[in-house]
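> next come a sequence and a model predicted from it.
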Amino acid sequence: MTNTAKGWIAAISVALLWGTEGSLATLPLSVIDAKVLVWLRYVIAFAVLFIVLAVSLFFGPSRTKPRQVFRFSWQNRRDALKLFLCGVVGQGLFSFFSFLSLDYITISENGVIQGLVPIAILLMGTLFYGERFTFTQIGAALIALVGVALLVFSPSSAQQGLSIGHFICLLSVVSFASVTHLRAQLAQQYGGAQTMFYQFGFAALGFFFYLLFDGVNFSNIQLLLHSSDALLCVLVLGTCVSGLGYLVYIYGIERVGVDGSSMALNLIPMSAFLIGTFVFGEQLTVLRVVAMGLIVGGMVTFVRPTPNKQQVVISVNN
């Protein structure tokens with residue numbers, strides 16, 4: 001099997017994996033609070049990347065371009081602040097709002113809105129970094145938004161029409177997209193794995209203090225020990241979806257490029273839609289199928305590379 005084929009397998013696999021996030025969170029959220037789930041997720045992800053980075057030290061020098069090692073110092077205070085924002089806002093709040101929205105909307109609706117991240121990223125780039133939409137991207141974004149509207153207002157939706165859950169999920173997307181350019185800059189300087197290691201750490205630390213301030217009873221975590229399925233879902237969220245999933249994403253980028261991996265990420269809403277329909281029994285109608293076709297088609301067109309414009313979709317997920 002060629003390296004390109006392996007890269008496509010990695011990119012497609014991680015997209016399908018990330019589409020399971022909402023379904024994996026459903027069972028633990030019936031046992032513990034969303035804030036506690038976010039904290040546990042990133043504690044586990046931080047531990048996973050710590051082990052990966054520690055083990056990598058015992059092997060020879062990387063064949064890729066060596067990256068600068070980040071150290072906490074006064075000279076690096078700006079980068080430390082960027083890592084903090086990327087961790088607390090881009091990871092912690094992203095997950096918290098996503099999990100919170102599941103109280104109001106379906107898994108498939110959650111996955112579809114999360115799939116709008118590339119549009120939100122370029123919108124942030126337009127507002128703060130001088131990037132511009134192309135006419136093709138504007139048309140593709142409108143097509144995707146029409147698909148979202150059809151899905152949200154379809155008669156088979158859990159709560160027909162807009163609800164607070166849709167806005168909460170949109171806040172999740174905005175939280176993630178708002179720091180993506182910072183994350184890309186840090187990844188270029190320090191490497192993807194090292195950057196995510198510190199982001200996961202800051203997310204876990206930030207939500208730990210949030211839990212202390214909010215007065216959450218940590219003894220509730222013991223409830224997970226009495227629900228093996230819920231505990232397994234938490235472990236998969238932290239270990240596979242966040243920790244190892246990001247490393248697989250990097251592997252795919254190295255072999256099929258950023259554009260190829262970005263195209264594969266359009267499978268995230270499709271994965272969430274299929275899981276919601278066939279596993280959780282969400283109603284399947286012609287209107288919902290048409291809506292998904294518009295969304296996926298619009299997003300594929302949106303992230304397609306153009307001759308004179310490079311897409312900024314670097315290290316954007318989980």
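Received it, and whenever you're ready, just let me know what you need.
> tell me the pLDDT at residue 233?
Reported pLDDT at residue 233 in the predicted model: 93.
> same check, this time on the one 5 residues further on
Confidence at residue 238, expressed as pLDDT, is 94.
> count of neighbours near the nearest residue to it once chain neighbours are set aside?
Leaving aside its sequence neighbours, residue 238 sits nearest to residue 44 (Cβ to Cβ, 6 or more residues apart in numbering; 2.6 Å). Every residue, glycine included, has its C-beta placed from N, CA and C. Counted with other Cβ atoms under 10 Å, the neighbours of residue 44 add up to 22.
> check residue 16 too.
Other residues close to residue 16 by other Cβ under 10 Å number 17.
> hang on, isn't it packed against residue 269?
No. When contacts are counted by Cβ atoms under 8 Å, residue 16 is not listed as touching residue 269 (11.2 Å).
> which strands or helices does the lowest-mean-pLDDT helix or strand in the chain pack on?
Of all helical and strand segments in the chain, the minimum by mean pLDDT, DSSP states H and E falls on helix 245-264, at a mean of 76. Under the contact criterion of 3 or more Cβ pairs under 8 Å, 6 or more residues apart in numbering; DSSP states H and E, helix 245-264 touches helix 3-18, helix 192-214, helix 286-303.
> now do the second one against helix 245-264, angle only.
Our comparison of helix 192-214 with helix 245-264, counting by axes from the mean of the first three to the mean of the last three Cα atoms, to 10 degrees, yields an angle of 110 degrees.
> next, the buried residues of helix 192-214.
192-207, 210-211 (16 or more other Cβ atoms under 10 Å).
> hmm, back to that, which element follows the helix or strand where the residue nearest to residue 238 lies toward the C-terminus?
According to DSSP states H and E, residue 44 maps onto helix 34-56. Moving toward the C-terminus from helix 34-56, the next helix or strand (DSSP H and E) is helix 77-85.
> what does that following helix rub up against?
70, 72, 179, 182, 185-186, 189-190, 195, 198-199, 202, 206 (Cβ atoms under 8 Å, 6 or more residues apart in numbering).
> per-residue confidence for residue 66?
60.
> actually residue 27, not the one I wrote
For residue 27, the model assigns a pLDDT of 91.
> against residue 209, how distant is it?
Distance of residue 27 to residue 209, given as Cβ to Cβ, to the nearest Å: 27 Å.
> so how far is residue 256 from residue 233?
Residue 233 is 30 Å from residue 256, by Cβ to Cβ.
> okay, now the unreliable bits of the stretch 151-300 of the chain?
152, 154-161, 258-263 (pLDDT under 70).
> check the stretch 1-150 of the chain too.
60-67.
> just the terminal-to-terminal distance for stretch 29-40.
12 Å (Cα to Cα, to the nearest Å).
> quick one: buried residues of it?
29, 31, 32, 33, 34, 35, 36, 37, 38, 39, 40.
> again, but for stretch 124-136
Of the residues in stretch 124-136, those buried (16+ other Cβ under 10 Å) are 124, 125, 131, 133.
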